[in-house]
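A.B. asks: next come a sequence and a model predicted from it.
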Amino acid sequence: MREAALPHATALAQELEAELQHLDALQQRYTALLVEQLSSLDFLGTNEAAAPSAVAAAPCARKPSRPLPHRGGHADAVASGTPLVRFRRPSAAPCPRASAATVGRTPPPLPPPPPTRAHAGTAPPPATRSDEAAQRGRRALRLLREDRDAFFNAKARRAAQLLREGREAMHRRQARRLAAMAPTPPVTTTT
């Protein structure tokens, strides 16, 4: 009975449900493609993957020269893996004076500026093939994500539009029904 009362809203709801099911299927497909792309890209070799972990583990293995107590005063509770950095003050020696002979002499001419290159604003070319593969992989993933996001945003906008149209149709139908059910005032003519 409800379907007979609101055929337009029912059709819009069914279209919205079909769009959402299609959206779920596409999301699963894009997720599978993204996982496949990530698993097929091996832009970190075994030697490159091991190097950062060895570098990161090196400061942790070093022990401080003396324990640094924290605010509670317990030196053994806090162990810092970073050495204490000491800063030197600049020397207080006066600047060398310029003699009259050096003041009158003209400074040597400046070297000519380097020629401007067309590619000066771009990043330097990758050093190795693995860097090139990593750059291509990152670019491909970025393009995949942008394409996926644009597609899903368009679908979400369409779903919101369909939902809004369905609600508007339902409100119009209810207003018409209420107007039809309201008693009409008797028409009196004055002569």
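C.D. replies: Received the coordinates, thanks. Residues are numbered from 1 along each chain as shown.
A.B. asks: may I see the buried residues of stretch 129-140?
C.D. replies: Residues 133-134, 137 are the ones in stretch 129-140 that count as buried (16 or more other CB atoms under 10 Å). The way it works is simple: take the backbone N, C-alpha and C, and place the C-beta from them, glycine included.
A.B. asks: out of these, which is nearest to His22?
C.D. replies: Using CB to CB, Gly137 is the member of the buried residues of stretch 129-140 that lies nearest His22, at 29.1 Å.
A.B. asks: next one: the closest one from Asp131, what distance?
C.D. replies: Using CB to CB, to the nearest Å, we find Gly137 at a distance of 11 Å from Asp131.
A.B. asks: then Pro113?
C.D. replies: In this structure, Pro113 and Asp131 are 31 Å apart, going by CB to CB.
A.B. asks: state the mean pLDDT of whichever strand or helix holds Tyr30.
C.D. replies: Assessed by DSSP states H and E, Tyr30 sits inside helix 7-40. Mean pLDDT, helix 7-40: 77.
A.B. asks: dump the residue contacts of Gln27.
C.D. replies: Phe152 (CB atoms under 8 Å, 6 or more residues apart in numbering).
A.B. asks: same deal with the one 3 residues further on?
C.D. replies: Applying CB under 8 Å, 6+ apart to Tyr30 gives the contacts 144, 148.
A.B. asks: change it to 7 Å
C.D. replies: For Tyr30, the contact set (CB atoms under 7 Å, 6 or more residues apart in numbering) comprises Arg148.
A.B. asks: rewinding a little: could you dump the buried residues of stretch 129-140 to a markdown table with distance to Val35?
C.D. replies: Shown next, in a markdown table, are the buried residues of stretch 129-140 (distance: CB to CB, whole Å):
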| residue | distance to Val35 |
| --- | --- |
| Ala133 | 18 |
| Ala134 | 18 |
| Gly137 | 14 |
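A.B. asks: and the helices in the protein, which stretches?
C.D. replies: Remark: helices assigned in the chain by DSSP state H are 2-5, 7-40, 46-61, 100-104, 129-181.
A.B. asks: tilt between the helix holding Tyr30 and helix 129-181?
C.D. replies: Note on geometry: by axes from the mean of the first three to the mean of the last three CA atoms, to 10 degrees, helix 7-40 and helix 129-181 are set 170 degrees apart in direction.
A.B. asks: mind listing what's buried in helix 7-40?
C.D. replies: Buried residues in helix 7-40, counted by 16+ other CB under 10 Å: 9-10, 12-13, 16, 23, 30.
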